[in-house]
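Peer 1: Pasting the sequence and the predicted coordinates here, then a few questions.
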Amino acid sequence: MDRQKVYRLVEKGSHGSKINLIFDYAIMALILLNVIALILETLPGINRQFGYVLGLFEFFSVIIFSIEYVLRIYVSSLTYPASNNFKSALKFIFSPLGLIDLLAILPFYLPLLIKIDLRFLRILRLFRFLRVLKINRYNNSLNLIISVIKEKKSDLILTGFVAFLILFVASFLMYYVEGDVQPDKFPNLLSCLWWAIATLTTVGYGDVYPVTGLGKFLSGLIAIIGIGLVALPTGLVSAGFIEKIGRKDKQSKKCPHCGKEIDDVNAK
């Protein structure tokens, strides 16, 4: 089997030949059908009536996914170059996408060896869209977002630390203020921590709320702080993104030969 042809089939994506597109769309359709089948299996009536058909479809799907997995190992020397084919195969197998591919077929094979229900792992097939959709087409945008996060890393870490600190302070306060009044709602620090997370993120935790005056005051204060605290990381990333886009636009407007603004060069 020609390794290059197999590589173009399983790795090249929509910018390749028509057969590549057919392969991509077929895998995407199979992934969606598997997720639908997983949902239908949880419905007792449908599972009783069509369980055999769903089982056959699962068997067919695993065969296809297994063949694809083997083909990806076969071309791993091209996708993950190393000193020999064995090392390339190991690189693929233990790569994030390789592990996802493996987890997509393990729920079928493992129960044959050990009695365990791993059907829920099939939902990981959704992650295969990261490969099938070939997100390398969007690499520039993704790299831009990642670079912004890296630039703002120290600010984001500081914001996260402050949020973590406020969560624990709020948890301690509510435990000592409401714990004696509502021992069933605020029985320990972990329960108070969950309440603080729900309040600080402004999601709310409807069945648990303070009843004392001081508790209500603290709850309102925590909620207000949460609005600003949750918005702060978003603002940092947004500002960095806009700044990065501005620098990129300025760079694109510079003359590649003299380094001056294109408008200034045209004016001269």
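Peer 2: Thanks, I have it. Residues are numbered from 1 along each chain as shown.
Peer 1: Next, count neighbours for Ile67.
Peer 2: Around Ile67 there are 10 other residues, counting by other C-beta atoms under 10 Å. In this view, the C-beta of every residue, glycine as well, is placed from N, C-alpha and C.
Peer 1: let's have the chain start at 50 instead
Peer 2: Taking 50 as the first residue, the last one we looked at is Ile116.
Peer 1: ok, now how distant is it from Pro145?
Peer 2: To Pro145, Ile116 is 21 Å away according to C-beta to C-beta, to the nearest Å.
Peer 1: Show me the helices in the protein, by range?
Peer 2: 52-60, 67-90, 93-123, 125-128, 134-142, 145-162, 178-181, 188-200, 202-227, 238-249, 262-302, 311-316 (DSSP state H).
Peer 1: Looking at the ones you listed, which is nearest to Asp256?
Peer 2: helix 238-249 (10.2 Å; C-beta to C-beta).
Peer 1: what angle separates that closest one from helix 262-302?
Peer 2: 60 degrees (axes from the mean of the first three to the mean of the last three C-alpha atoms, to 10 degrees).
Peer 1: Average pLDDT for helix 238-249, rounded please.
Peer 2: Rounded to a whole number, the mean pLDDT of helix 238-249 is 82.
Peer 1: Can you name every helix or strand that that helix contacts?
Peer 2: helix 202-227, helix 262-302 (3 or more C-beta pairs under 8 Å, 6 or more residues apart in numbering; DSSP states H and E).
Peer 1: Show me what counts as buried in it.
Peer 2: Within helix 238-249, the residues scored as buried using 16 or more other C-beta atoms under 10 Å are Ser240, Cys241, Leu242, Trp244, Ala245, Ile246, Ala247, Thr248, Leu249.
Peer 1: repeat for stretch 151-167
Peer 2: The neighbour-count check on stretch 151-167 (16+ other C-beta under 10 Å) flags Leu151, Leu152, Ala153, Ile154, Leu155, Pro156, Phe157 as buried.
Peer 1: ok, the fourth one touching Phe114?
Peer 2: Yes: counting by C-beta atoms under 8 Å, Ile154 does reach Phe114; the two are 5.0 Å apart.
Peer 1: pLDDT wise, what is the nearest residue to Asn134 once chain neighbours are set aside at?
Peer 2: The shortest distance from Asn134 to any non-neighbouring residue, by C-beta to C-beta, 6 or more residues apart in numbering, is to Ser126 (5.0 Å). Note for Ser126: predicted pLDDT of 90.
Peer 1: Lys201 contacts Gly289, doesn't it?
Peer 2: Yes: under the criterion of C-beta under 8 Å, Lys201 makes contact with Gly289 at 4.8 Å.
Peer 1: ok, Pro145 - how many residues close by?
Peer 2: Other residues close to Pro145 by other C-beta under 10 Å number 9.
Peer 1: got the contact list for it?
Peer 2: Residues counted as contacts of Pro145 (C-beta atoms under 8 Å, 6 or more residues apart in numbering): none.
Peer 1: how close does it get to Asn134?
Peer 2: 21 Å.
Peer 1: same thing with Trp244?
Peer 2: Taken as C-beta to C-beta, the span from Trp244 to Asn134 is 55 Å.
Peer 1: what's the answer for Gly289, then?
Peer 2: The value you get for Gly289 to Asn134, if C-beta to C-beta is used, is 43 Å.
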